[in-house]
Every structure is written in structure tokens, then in C-alpha cells.
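[1] Following is a predicted model, sequence given first.
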Amino acid sequence: MDDAAHAHRLIDALDEDNERLIEARLPSDPQAVHLRNLEEHLNSARSDTALTHMHAVEGQARAHAVWWADAASQAVLALDGYAPDYRLLATDPATILREEQLELLSGPEDAERAQLRATGGWTASLNGAGAILDSARAASLGLRLIHAPQGQNTTVEPDWTLKARYHVLWGRMWREHNLPLLPEPDLLACRLQGALDEDQLQAVRTAMDTWSQMAQSIQQLPELTQRDLHGIGTPEERHAVGEQLEKAQEDRLQSTEVLAAYARALTEAWKTAVGVSAHKH
């Protein structure tokens, strides 16, 4: 997270340099103009490089926060019972699950996935003129089509990639909003009840509720964007939509940091709960 913040500061500094160079042009002195144009070009190249680096760092920070939040929540769920290793490792970018482990992964679109597998990957075409082998639909459900020689049936199998595992576990939440589908705060709080004191539990609840509210806000982005674009409703309603849209966009920008805070709070709570359990035994 610190690397991402540093990258943002570097971009801001380079942008300020660009503005300074533009404002400092002296049209009456051609040589000065030429030198400043050269400096602007070099600064622009630095900005492009820094921007590429910033996007890469942000992507890495996001991937880490997503994995950490999922791992921490699953660890808390496992406090009062056995948790299979394959689920704890399912969102780890460094882990490749075996085929039998992939088959055990479950999520909100299990029924759709089972139906597509039952039909061998065939779905009704959009124009109603028969059925098609829908590889895109399969990929969105964490599956892949294995094309057989002519005359034999196509098979549908779980895809082993990390992206596919996210599709299985989180469904539309990941596909449409790039958000992990995390357990309900009440369920996690129930697992921690008795292991944390009141202040500790309240701190964890605050982190979980903050993330839940932010996730709900981000999910409204597509609808709010369309309503704002088409100017739907009265002037008062359009103003309210504009404010909601602005907040949802800001939530999107802050989501990695809030997700990391969620993961950090659950991790500390889990450590405390494990320590209390070990002391009892």
C-alpha cells in the first residue's frame, strides 16, 4: 500500500513540473523555448513511465488486499471447526489447485455452472436460432471447454487459473464489480464472540461494516452512471444521483485501502482468538 501511495506522489510531482514548464515558456526567446520544450518532452516521458509503474503497483496492491481479505475471513470462519486446505488456498496467486480440489470449490453461481456442464457447454443463442458452444459464458463461470475430435462431445471442466477460481467463488460480484464476495459481518462476528473483549469486537465490526457499505456503494456505480448520463428524474433526483455517483467513484478509488484495513482487523482478531483458544486448552 505504501508503494502505491509513493507512486501517486511521484505522479503528482511530475504533473506539477509539467505545469511549471508550460507556464515558464518565453515566446520572445526561441532558444529558451526550444530548451524548455525539450525538458517538457523528457518530463512527459518520465510521467508516462511513472504512470505505468503506478498502475502496476496498484494492481499488485489490489491483488494482495483481495487475497488477504479472503484468507483472513476464511481463517475466522474456521475458528470453530475444520476448514479444508483447498478453500484457504483457493485465492492464493502462488497456489495451483488439483483438479479434484477445483471440483470442490463452491460459489453463488453453482447452479448455472452445473447446468452448463450438463449441456456440454451448449447454450441457447441470443437470436433464438438454436444453440451455440458458449466459451465466453463458460469462462465467466470458471469453466473451460475441451474441444473433442469431430463426432465426439465437447467436455466442460473447471479452469485452473486464479481468475477462474475468483469467478467460481465470487460470481457476479467479481465479474461485474471486481470485488471479492466476503462473508457476512454477523457471521464473522459470531465466530469471534467470546474470544474478544467488547472494544476489540467493536473495532472489528467497524472495519467489516465499513467494507460492506463501500462494496454496496461500488455495486451501484453502473446504474448511477447510466442515470446520470441520461438525466433521469427531477432536478432534485438528478442532484442526488450526482452526489451518490461521486461518492461511489471515490469509494472505488479508496477500496483497496479499506479492503486491506478489513483484512488487517480480521487477522489481528484471528490471532487473538487463536491465542485464547490455546490458553483454554
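    In hand now; what should we look at?
[2] where's residue 145, which helix or strand?
    Element membership for residue 145, per DSSP states H and E: strand 143-146.
[3] Give me the mean pLDDT for that strand.
    The average pLDDT for strand 143-146 rounds to 91.
[4] Quick check: neighbours of that strand in the sheet, parallel or antiparallel?
    Strand pairing for strand 143-146, determined by DSSP bridges: strand 155-158 (antiparallel).
[5] Which residues belonging to the partner strand are considered buried?
    Judged by neighbour count using 16 or more other CB atoms under 10 Å, the buried positions of strand 155-158 are 156, 158. From N, CA and C alone the C-beta is placed, and that goes for glycine too.
[6] Please spell out which residues along the helix or strand following that strand are buried.
    Counting by DSSP H and E, the next helix or strand C-terminal to strand 155-158 is helix 162-170. Residues of helix 162-170 classed as buried: 162, 164, 165, 166, 167, 168, 169, 170 (neighbour count, 16+ other CB under 10 Å).
[7] Now tell me what touches helix 162-170 from outside.
    With CB atoms under 8 Å, 6 or more residues apart in numbering as the test, helix 162-170 has contacts from 70, 90-91, 93, 97, 102, 105-109, 113, 139-144, 158-159, 174-175, 179-181.
[8] Just say helix, strand or coil for residue 179.
    Under DSSP: H, G, I helix; E, B strand; the rest coil, residue 179 falls in the coil class.
[9] Burial check on residue 96, number of neighbours?
    Around residue 96 sit 13 other residues, with neighbours defined as other CB atoms under 10 Å.
[10] Repeat that for residue 204.
    23.
[11] In three-state terms, label it for me.
    Following three-state DSSP, residue 204 is assigned to helix.
[12] Now do the contacts for it.
    Residue 204 neighbours (CB under 8 Å, 6+ apart): 188, 189, 192, 196, 265, 266, 269.
[13] Name whatever forms a beta bridge with the fourth one.
    Listed by DSSP bridges, the beta-bridge partners for residue 196 are residue 193.
[14] mind checking how far residue 245 is from residue 222?
    Separation of residue 245 from residue 222 (CB to CB, to the nearest Å): 11 Å.
[15] Then residue 102?
    Residue 102 is 30 Å from residue 222, by CB to CB.
[16] So for these two, which residue has more residues nearby?
    Higher neighbour count among residue 102 and residue 222: residue 102, with 20 against 12, using other CB under 10 Å.
[17] In contact with that one, which residues?
    By CB under 8 Å, 6+ apart, the neighbours of residue 102 are 158, 159, 160, 165, 168.
[18] try it again with 10 Å
    For residue 102, the contact set (CB atoms under 10 Å, 6 or more residues apart in numbering) comprises 86, 90, 96, 142, 143, 157, 158, 159, 160, 164, 165, 168.
[19] In contact with the fourth one: list those residues for me.
    Contacts here follow CB under 10 Å, 6+ apart; on that basis residue 142 touches 102, 105, 107, 109, 113, 158-161, 163-171, 174-175.
[20] quick one, phi/psi of it?
    With angles defined as degrees, to the nearest 10, residue 142 sits at phi 80, psi 20.
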